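Asker: Next come a sequence and a model predicted from it.
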There are 2 protein chains.
Amino acid sequence: MNSSKRSEGIAPFHVMDILARAKALETQGRDIIHLEIGEPDFPTPEPVIQAAMQAIQSIDMHYTPSLGLPELRQAIAGFYRTRYTVEMPASRIAVTPGASGALMLALGVVLDAGDEVLMADPGYPCNRHFAHFIDALPVAVPVGPDTSFQLTPDLVDQHWTPKTRAVLLASPSNPTGTLARNEDIRDIARLCLERNAVLIVDEIYHGLVYGAAPQTALAHSDQVFVVNSFSKYFHMTGWRLGWLAAPDWAMNDIERLAQNLYLAAPTPAQYGALAAFVDDNLAILESRRLELQARRDFLAPALKETGFGLPVKPEGAFYLYADVSRFTTDSFEFARQLLEEAGVAITPGLDFGVVTPERYVRFAYTRPLPVLGEAVSRIRRFVS
Amino acid sequence: MNSSKRSEGIAPFHVMDILARAKALETQGRDIIHLEIGEPDFPTPEPVIQAAMQAIQSIDMHYTPSLGLPELRQAIAGFYRTRYTVEMPASRIAVTPGASGALMLALGVVLDAGDEVLMADPGYPCNRHFAHFIDALPVAVPVGPDTSFQLTPDLVDQHWTPKTRAVLLASPSNPTGTLARNEDIRDIARLCLERNAVLIVDEIYHGLVYGAAPQTALAHSDQVFVVNSFSKYFHMTGWRLGWLAAPDWAMNDIERLAQNLYLAAPTPAQYGALAAFVDDNLAILESRRLELQARRDFLAPALKETGFGLPVKPEGAFYLYADVSRFTTDSFEFARQLLEEAGVAITPGLDFGVVTPERYVRFAYTRPLPVLGEAVSRIRRFVS
């Protein structure tokens, strides 16, 4: 019996081999520092926990409407108002099971089989895998330090074909932590609109930016799709909650897709998330953002001094995408040996695309500063 | 701007029109009895609530492994052992975000674009919509009272084409509440295996059967896919948790799909579900099953006496699929008028397929007995 080509065409995460080996080494008693994990190490903030528990005790945890609790959709709209001074009607917001659910809705409502969607390479692998899952064609656009690893209007134009139906930006990007420029987002949105295509912007890491706060793509156009998540900035990974902001014309279809594909996002998570936007919680999030910034400000220069290339300053998320060409021509083998010999787990570039992945590795600074310090010591010994 | 054909091809739920009108009437002060909702009216059982709250307070709600908490996969395997005396290794179980997630994995790992999947008509509409979403072709096989509204080996054989790649059974069925025969499940599984196709069995309502307990399809073959859910029998709808039991050969692909399509099922729900199989909880579930049985035993004969056709005794779930041809040639209009004039909301056959839907409506006995009694009085007045 064979699996579908659909599923065989989805590449495994190479970091899983690293993880499996890391666990095996840990079983043998080795101390492993995990810098491969794209999950913040902080627990769910207390206000969210309290709100969820209060609801679980006092309200039946039945299905919510498919687009989410009305009061949560309102709270998200309110967040756009206070954080970005963008008027975003709650009617254009769908609460989803994680950003994964939001991506499924956005790609599903836009793409038919054979349609092309442009995305940066390197990029988050699930994006291209999801497009492939629904028989659309993800088109990897090579990006490098010259454009901060981001798509630009020129690059989009160069890769446009008659089958192009969508462009996917991620800002800040996973794995590079870099931002797209406001004017580029605006111009790509305009270009898409002129050509009867849509711009989808992944703003999952939007709250985790360490310089000037970026503007949401929703400020530039009411025709863009924005994917967001309660996992990263809000530190609610396991609750599996995100949202999609979409143009008016798509909302009926989005609701129908939601009804059919997952019914509704988890109810306890939605009640918990009602506390995500209150001042007490935002203060916790801000202190964690500063902690992540301190980690970046320690790790980035330390890696540079050690010989890693960081040609573009990563402005957000919790990732450093480091050039290892001074040490190796094979970043996967480099990651494997770093784990084996130094006990530091990182993610090889291979997981993020097909354009010179052998040249890069990703560090996730999802461990406290003292652990990062120990990691840097080990890495220094390893490469010297 | 247009939506994809993919999303336009997914029909709306006609019951949503009924629901919207019901809400409008309620706003006007009318008392509406809701028998259209496919959700049990019981709250989450207390042991599950306690287990979830305990976990939320004491464990970081981070991502679980993509296939689920190992101890929950073990608990599900244990349930197959004690309830069905079937040895099902935990390694063949994937914990999913609702049965929706399980269906997505099963169809995704089996079907490519253009592949056909046979399913009974009438049936649960999301099944065919999901197949359509991934560019596969759902083939509606007309079924009627003569086969208890279930597929049989003969029907499957008659509708088989070179493109047939999967058969989907639902037992008990939504909307009919009928069971497939053990020997039919076994023979269809064998037929699929001989023809290099797979049998997927929806056992979402399996715990809610009011006569002899049926055997799981997993007892007949280690090559079938079984979709199950914590929503219905376990009364955990809003938690969004289900599982998929699958053949060994599919598990690597299923894990990769899970990693890419949703990362992991909700963590609080998984910890709650660990208490789903303990004796205290099973006792609660049993008392609720008996309550649902009492409702069926009241409602089915009452509807029959009133002139509704129930040619096959519904043995499970919480649905009655009633023939209204004595009253009307248009069940949608019948449902609309029943709501308008009698204040009883039901689901028109139109939502469950294309084969003579105008002849049927679905009653969900998800309201307490006294409410059902009032509903029957109103219906009697309406049809007399």
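Answerer: Everything's here; your move.
Asker: can you pull out the helices in chain A?
Answerer: Applying DSSP state H to chain A gives helices spanning A:5-8, A:15-27, A:46-58, A:70-84, A:98-110, A:125-133, A:153-159, A:182-194, A:251-261, A:267-273, A:279-306, A:331-337, A:369-383.
Asker: what comes up buried for the fourth one?
Answerer: Applying a neighbour-count criterion of 16 or more other CB atoms under 10 Å in any protein chain shown, one finds A:L72, A:R73, A:A75, A:I76, A:A77, A:F79, A:Y80, A:Y84 buried in helix A:70-84. To be clear about C-beta, it is placed using only N, CA and C from the backbone, and glycine gets the same treatment.
Asker: Would you pull up how far it lies from the middle of the chain?
Answerer: Between the centre of helix A:70-84 and the centre of its chain there are 21 Å (CA atoms, centre = their mean, to the nearest Å).
Asker: A:S221: neighbour count?
Answerer: As a burial measure, A:S221 scores 18 neighbours (other CB atoms under 10 Å in any protein chain shown).
Asker: What count of nearby residues applies to A:E286?
Answerer: A total of 11 residues lie near A:E286 under the criterion other CB under 10 Å.
Asker: pLDDT at it, what is it?
Answerer: Per-residue pLDDT puts A:E286 at 98.
Asker: Can you list the low-confidence ranges for chain A?
Answerer: Across chain A, no stretch falls below the confidence threshold (pLDDT under 70).
Asker: quick one, what contacts the residue nearest the centre of it?
Answerer: Centroid check for chain A by CA atoms, centre = their mean gives A:I204 as the closest residue, at 4.9 Å. Applying CB atoms under 8 Å, 6 or more residues apart in numbering or on different chains, one finds that A:I204 lies in contact with A:A99, A:A170, A:N174, A:V227, A:N228, A:S229, A:S231, A:K232, A:G242.
Asker: Distance to A:S7 and neighbour count added to the residues you listed, as JSON lines?
Answerer: Shown next, in JSON lines, are these (distance: CB to CB, whole Å; neighbours: other CB atoms under 10 Å in any protein chain shown):
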{"residue": "A:A99", "distance to A:S7": "21", "neighbour count": "26"}
{"residue": "A:A170", "distance to A:S7": "24", "neighbour count": "27"}
{"residue": "A:N174", "distance to A:S7": "23", "neighbour count": "25"}
{"residue": "A:V227", "distance to A:S7": "23", "neighbour count": "28"}
{"residue": "A:N228", "distance to A:S7": "28", "neighbour count": "28"}
{"residue": "A:S229", "distance to A:S7": "25", "neighbour count": "26"}
{"residue": "A:S231", "distance to A:S7": "25", "neighbour count": "25"}
{"residue": "A:K232", "distance to A:S7": "27", "neighbour count": "25"}
{"residue": "A:G242", "distance to A:S7": "23", "neighbour count": "27"}
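Asker: Could you export these to JSON lines, including columns for distance to chain B?
Answerer: Shown next, in JSON lines, are the contacts of A:I204 (distance: CB to the nearest CB, whole Å):
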{"residue": "A:A99", "distance to chain B": "9"}
{"residue": "A:A170", "distance to chain B": "16"}
{"residue": "A:N174", "distance to chain B": "13"}
{"residue": "A:V227", "distance to chain B": "14"}
{"residue": "A:N228", "distance to chain B": "15"}
{"residue": "A:S229", "distance to chain B": "11"}
{"residue": "A:S231", "distance to chain B": "8"}
{"residue": "A:K232", "distance to chain B": "12"}
{"residue": "A:G242", "distance to chain B": "11"}
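Asker: before we move on, back to that, the nearest residue to the residue nearest to the centre of chain A once chain neighbours are set aside and A:A219, how far apart?
Answerer: Excluding its sequence neighbours, the residue lying closest to A:I204 (CB to CB, 6 or more residues apart in numbering or on different chains) is A:S229, at 4.5 Å. Note on A:S229: its distance to A:A219, by CB to CB, to the nearest Å, is 19 Å.
Asker: ok now do A:I18, which residues does it touch?
Answerer: A:E36, A:A335, A:R336, A:L339, A:A345, A:I346, A:T347, A:P348.
Asker: Identify those among the residues you listed that sit within strands.
Answerer: Using DSSP state E, the subset of the contacts of A:I18 located in strands is A:A345, A:T347, A:P348.
Asker: Surely the second one touches A:E36?
Answerer: Yes. Counting by CB atoms under 8 Å, A:T347 touches A:E36, with 4.7 Å between them.
Asker: what residues do these two have in common as contacts?
Answerer: Shared contacts of A:T347 and A:E36, defined by CB under 8 Å, 6+ apart, comprise A:V15, A:I18, A:R362, A:A364.
Asker: What about the third one, how many residues nearby?
Answerer: A count of neighbours around A:R362, defined by other CB under 10 Å, yields 25.
Asker: Surely it and A:Y319 touch.
Answerer: Yes. Using CB under 8 Å, A:R362 makes contact with A:Y319 at a distance of 5.5 Å.
Asker: next one: phi and psi at A:V278?
Answerer: A:V278 adopts backbone torsions of phi -80, psi 160, taken as degrees, to the nearest 10.
Asker: which residues touch it?
Answerer: Residues in contact with A:V278, defined by CB under 8 Å, 6+ apart, are A:P47.
Asker: Return the residues of the stretch 151-300 of chain A in contact with chain B.
Answerer: Taking CB under 8 Å from any CB of the partner chain, the part of the stretch 151-300 of chain A that reaches chain B is made up of A:196, A:198, A:223, A:236-240, A:247, A:249-250, A:253-254, A:256-257, A:259-269.
Asker: Out of those, which end up buried?
Answerer: Buried, going by 16+ other CB under 10 Å: A:198, A:223, A:236-240, A:247, A:250, A:253-254, A:256-257, A:259-269, out of those.
Asker: quick check: domain ranges of chain A?
Answerer: Domain assignment for chain A, taken from automatic domain parsing, gives A:5-43+A:281-383, A:46-277.
Asker: Can you say which of those is packed in most?
Answerer: domain A:46-277 (a mean of 22; mean count of other CB atoms under 10 Å in any protein chain shown).
Asker: show me the contacts for the residue in the stretch 101-250 of chain A that chain B sits nearest to.
Answerer: For the stretch 101-250 of chain A, the residue closest to chain B is A:G238, as judged by CB to the nearest CB, at 3.1 Å. Contacts for A:G238 (CB under 8 Å, 6+ apart) come out as A:T44, B:D60, B:M61, B:H62, B:Y63, B:T64, B:A264, B:P266, B:T267, B:P268.
Asker: can we see that at 10 Å?
Answerer: By CB atoms under 10 Å, 6 or more residues apart in numbering or on different chains, A:G238 lies in contact with A:39, A:43-44, A:231, A:269, B:55-56, B:59-64, B:263-271.
Asker: now do A:A102
Answerer: So A:A102 contacts A:94-96, A:200, A:202, A:204, A:225-229, A:241-246, A:254, A:265 (CB under 10 Å, 6+ apart).
Asker: now swap in A:P47 and tell me
Answerer: Applying CB under 10 Å, 6+ apart, the residues near A:P47 are A:G272, A:L274, A:A275, A:A276, A:F277, A:V278, A:D279, A:D280, A:N281, A:L282, A:A283, A:I284.
Asker: Please report the distance of it from B:Y205.
Answerer: Counting by CB to CB - A:P47 and B:Y205 are separated by 38 Å.
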